[in-house]
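S.K.: sequence below, structure please.
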Amino acid sequence: MPSGASDQIVQTAVAPELSVIDFVGNSDGWIAGNGVLFRTTDGGNHWIEYSTGHGVFHYLSFLNAQDGWALTTHHVLLTSTSGETWSLAVAPANGPVVSLDAVSPTEAFGIVSTVQRSRYLGPLGAGVTCTDATGW
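M.R.: Residues are numbered from 1 along each chain as shown. Here you go, the predicted model:
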């Protein structure tokens, strides 16, 4: 823990289960869990709650203070509003995305898992067709 820092408790009306965290720099950060997302702009001293309604967050990655990606139970999501609003990214129909790596505000690479095998997919993004690289 940085010098002078203290533990902070996020207080909400309902205690959510938190599962992921991401910070860009020392001030801007997000924590998320079951249908909720919290944002801080002061290093965790204060948090703003956004109710997303998108299920459990499994992955969260912000590239800067505005642009981020999230992987929930059923969706791959994009935001350009610091997490206040989210839009669905194009995701493959042949199985759930189980891992994601964001490389830009409009592009990420992912892995889809099926009963038989896992597949690398890339790129994922708004309006981008996914490519299947199963021939490795």
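S.K.: can you dump the C-alpha coordinates of the strand or helix carrying residue 36 into CSV?
M.R.: Residue 36 belongs to strand 28-40 when assigned by DSSP states H and E. What follows is strand 28-40 as a C-alpha-only set of coordinates in CSV (Å, rounded to 0.1, in the frame of the first residue of the first chain):
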residue,chain,number,x,y,z
ASP,A,28,-8.7,7.0,-12.0
GLY,A,29,-10.0,3.5,-11.1
TRP,A,30,-12.9,1.1,-11.3
ILE,A,31,-14.1,-1.9,-9.3
ALA,A,32,-17.0,-4.0,-10.4
GLY,A,33,-19.0,-7.1,-9.5
ASN,A,34,-22.5,-8.5,-9.8
GLY,A,35,-24.3,-5.9,-11.9
VAL,A,36,-22.5,-2.9,-10.4
LEU,A,37,-19.5,-0.7,-11.3
PHE,A,38,-17.9,1.9,-9.1
ARG,A,39,-15.5,4.7,-10.3
THR,A,40,-13.1,6.8,-8.4
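S.K.: quick one: contacts of it?
M.R.: The set of residues external to strand 28-40 that reach it, using Cβ atoms under 8 Å, 6 or more residues apart in numbering, is 10, 12, 16-23, 27, 41, 43-44, 46-57, 60, 62, 65, 68, 70, 82-83. (Glycine included, C-beta is placed from N, CA and C.)
S.K.: pLDDT on whatever helix or strand comes next after it, on average?
M.R.: Per DSSP H and E, strand 28-40 leads on to strand 48-62 as the next helix or strand towards the C-terminus. Averaged across strand 48-62, pLDDT comes to 85.
S.K.: and if you look at stretch 102-119?
M.R.: Across stretch 102-119, the average pLDDT comes to 73.
S.K.: same deal with stretch 85-98?
M.R.: When pLDDT is averaged over stretch 85-98, the result is 75.
S.K.: for it, how far is the first residue from the last?
M.R.: Taking Cα to Cα, to the nearest Å, the span from the opening residue of stretch 85-98 to its closing residue is 22 Å.
S.K.: good, we can wrap up now.
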